[in-house]
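In: Test case, fold it:
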Amino acid sequence: MAVDKFPVEASHIMMFARSVADGNQIYYDEDYAATTEPGRIIAPPTFAQASAQFDPDYFLRPKIGQPWFGSGKEPTGIKRGSSGGGGGGGSGISGGLHAEQHFEYHRHIGPGDVLTATVKPGKTWEKQGKRSGKLLFAETITEYRDQNGELVITARGVGVRTERPVDQ
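Out: Next up is the predicted model:
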């Protein structure tokens with residue numbers, strides 16, 4: 001995911017908090033937020049993930065006139081062998097699973113911030129599974145920066161896929 005411009009608005013923060021059933025007033029009540037340590041409305045911890053909707057190429061974002069993950073007669077709307085899927089937890093491993101997500105917060109984000117997200121490949125490694133054969137892991141590092149270029153969040157996602165053992 002690469003996002004050139006993700007404007008953070010108070011309504012975005014409030015709706016995200018509601019969608020994850022977090023009723024903390026710091027996410028929507030200016031008067032309450034002013035009495036807290038940050039002193040203003042801030043975004044919930046995983047809010048930066050919402051920036052994916054500002055990436056026109058994000059594979060889970062519906063595209064007009066194209067099949068998308070979750071639509072159509074098939075369970076996913078995307079037929080086997082077609083492109084457009086993912087599932088490697090942002091790692092680019094197709095057919096994989098999202099295994100881990102870690103966030104390092106450098107400061108709170110809040111209304112008025114305009115974030116950009118850049119993605120870098122991280123480590124890759126393998127492990128031998130007991131029944132699944134080889135497990136292939138790939139890490140993706142996403143850096144979120146504000147309008148001044150200041151690093152505000154570093155997110156690290158890990159995707160995993162299996163490599164079936166060779167038939168004997």
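In: Walk me through which strands the longest strand seen in the chain pairs with, and which way each runs.
Out: The strand spanning the most residues in the chain, taking DSSP state E as the definition, is strand 114-128. According to DSSP bridges, strand 114-128 forms sheet pairs with strand 3-7 (antiparallel), strand 134-145 (antiparallel).
In: Give me the contact list for that strand.
Out: Outside strand 114-128, the residues within contact range by Cβ atoms under 8 Å, 6 or more residues apart in numbering are 1-8, 48, 51, 55, 90, 109, 134-147, 152, 156, 158. All C-beta atoms are positioned from the backbone trio N, CA, C, and that covers glycine.
In: Give the ChimeraX command for selecting the buried subset of these.
Out: Buried subset of the contacts of strand 114-128, written as a ChimeraX selection, criterion 16 or more other Cβ atoms under 10 Å:
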select :1,3,6,8,48,51,55,90,109,135,136,137,138,139,140,141,142,143,144,145,146,152,156,158
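In: in this protein, which segments are predicted with low confidence?
Out: Filtered on pLDDT under 70, the chain yields the residue ranges 1-2, 68-95, 164-168.
In: what do you get if the cut-off is 90, keeping everything else the same?
Out: Within the chain, the segments meeting pLDDT under 90 span 1-5, 46, 49-99, 127-135, 161-168.
In: ok, longest helix in it?
Out: helix 10-19 (DSSP state H).
In: ok, residues contacting it?
Out: Here helix 10-19 makes contact (Cβ under 8 Å, 6+ apart) with G23, N24, Y27, Y28, I41, I42, A43, P44, F47, A50, G110, P111.
In: Chain neighbours aside, what residue packs nearest to the second one?
Out: For N24, ignoring the flanking residues on the chain, the nearest one in space by Cβ to Cβ, 6 or more residues apart in numbering is A17 at 6.9 Å.
In: center of this structure, which residue is that?
Out: The C-alpha lying nearest the average C-alpha coordinate of the chain belongs to Q49 (Cα atoms, centre = their mean; 3.9 Å).
In: That residue and D55, how far apart?
Out: From Q49 across to D55, the span is 11 Å (Cβ to Cβ, to the nearest Å).
In: cool, and E9?
Out: Counting by Cβ to Cβ, the gap from E9 to D55 is 18 Å.
In: still on that earlier bit, tell me if the residue nearest to the centre of the chain really is in a helix.
Out: Yes. Using DSSP: H, G, I helix; E, B strand; the rest coil, the secondary structure at Q49 is a helix.
In: in what helix or strand does the nearest residue to it once chain neighbours are set aside lie?
Out: Once flanking residues are discounted, Q49 sits nearest to A155: 7.7 Å by Cβ to Cβ, 6+ apart. Assessed by DSSP states H and E, A155 sits inside strand 151-163.
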